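1. The following block contains a protein sequence and its predicted model.
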There are 2 protein chains.
Amino acid sequence: MKKNRLGEFQELVLMTVIVLQDDAYGVEIQRDLEERLKKRLSVGAIQTALKRMVEKGFLTSEFGEATQKRGGKRKRIYSATPYAHQVLREMRDLRAQLWDAMPRLGTSQA
Amino acid sequence: MKKNRLGEFQELVLMTVIVLQDDAYGVEIQRDLEERLKKRLSVGAIQTALKRMVEKGFLTSEFGEATQKRGGKRKRIYSATPYAHQVLREMRDLRAQLWDAMPRLGTSQA
DNA sequence: ATACTTTTCATCAACATTGAAAACTTTGCT
DNA sequence: AGCAAAGTTTTCAATGTTGATGAAAAGTAT
């Protein structure tokens, strides 16, 4: 019954949420991921990914406090569910298994 | 000009092509991946992924010999381009970087 | 002809990506 | 105080790409 897919981009956003912990809100996630990818991302790309992952039970969200900075609007802070951690590990393990099964082109094997 | 995205599923199919080497054709890829995922896949899912990856320069393909088995139709054998290998490594490294940056919930860190 | 293996094709739902608009918050001016 | 301006963040709508299904076609051996 459940739609469990976790897309390629969603996975990166999810991991970034975990990395940023209490600072995991839209714009900051965008900044962090842009730096890692060395590639410009649009606001909406992040936000749709976040929204869909909330719907599927990978993330929960709540509003944080507004900061004292000029323009410091309240942030919606995201955090990953235990289920999200589990799925991330499963995908990592699956890929690791495939890497192990791949012939090593640079080594002694043909 | 080219659209270089490599989706989540495409990535798995691509890795399976590399694993299977000379046996990397549609139905066999399907069988191998079904076993790893422990999940039923449709023929078309594999074939569309393969076709699109050819268009984008991740794969090349050529027909192999027909086998002697009853119903042994000629197989279209796929192989990964150097570019595909490069992109796979980049994605692996990016995810590894994110795993390293993630707080370890099970260890001594808070 | 019949049975079997594999690919091709058409189709629809979910994901990726964009940019503008809206919502909110502080600052500065009168 | 009151109000406009400017800054930060989220929401929304719209479009192209990927994911997933199953039936049909193509080809090969019995």
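-> Perfect, thanks for sending it. Numbers count the residues shown, from 1 in each chain, chains lettered A, B, ... in the order given.
2. okay, CA-based contacts and neighbour counts for the rest of this
-> OK.
3. My read is that residue A:102 contacts residue B:15, right?
-> Yes - under the contact definition of Cα atoms under 8 Å, residue A:102 touches residue B:15, with a separation of 7.4 Å.
4. more crowded one of the two?
-> Residue environment comparison for residue A:102 versus residue B:15 gives the larger neighbour count to residue B:15, 21 against 16, counting by other Cα atoms under 10 Å in any protein chain shown.
5. so how far is residue B:46 from the more buried one?
-> Residue B:15 sits 12 Å away from residue B:46 when distances are taken as Cα to Cα, to the nearest Å.
6. Tell me the predicted confidence for residue A:1.
-> Predicted confidence (pLDDT) for residue A:1: 35.
7. wait, I meant residue A:72
-> For residue A:72, the predicted pLDDT is 77.
8. To what extent is the residue nearest to it when sequence neighbours are not counted buried, counted in neighbours?
-> Counting by Cα to Cα, 6 or more residues apart in numbering or on different chains, residue A:66 is the residue found nearest to residue A:72 once chain neighbours are left out, at 5.8 Å. With neighbours defined by other Cα under 10 Å, the count for residue A:66 comes to 11.
9. quick one: residue A:66 is in a strand?
-> No - using DSSP: H, G, I helix; E, B strand; the rest coil, the assignment for residue A:66 is coil, not a strand.
10. can you pull the contacts of it?
-> A:72-75 (Cα atoms under 8 Å, 6 or more residues apart in numbering or on different chains).
11. right, is stretch A:65-80 up against DNA strand C?
-> Yes - contact check for stretch A:65-80 against DNA strand C, using Cα under 7 Å from any atom of the strand: residues in range are A:66-74.
12. where do the strands sit along chain A?
-> Assigned strands in chain A, in chain order: A:59-63, A:76-80 (criterion: DSSP state E).
13. List buried residues within the contacts of residue A:66.
-> Applying 16 or more other Cα atoms under 10 Å in any protein chain shown to the contacts of residue A:66, the neighbour count classes residue A:75 as buried.
14. mind listing what the residue lying closest to residue A:77 once chain neighbours are set aside touches?
-> In this structure, residue A:77 finds its nearest non-sequential neighbour in residue A:25, 4.7 Å apart by Cα to Cα, 6+ apart. By Cα under 8 Å, 6+ apart, the residues touching residue A:25 are A:17, A:75-78.
15. What distance do you get for residue A:25 to DNA strand C?
-> 14 Å (Cα to the nearest atom of the strand, to the nearest Å).
16. Repeat that for residue A:84.
-> Note on residue A:84: its distance to DNA strand C, by Cα to the nearest atom of the strand, is 13 Å.
17. give the contact list for the residue nearest to residue A:10 when sequence neighbours are not counted.
-> The spatially closest residue to residue A:10, leaving aside those adjacent along the chain, is residue A:49, at 5.4 Å (Cα to Cα, 6+ apart). Remark: with contacts taken as Cα under 8 Å, 6+ apart, residue A:49 is in contact with A:9-10, A:13.
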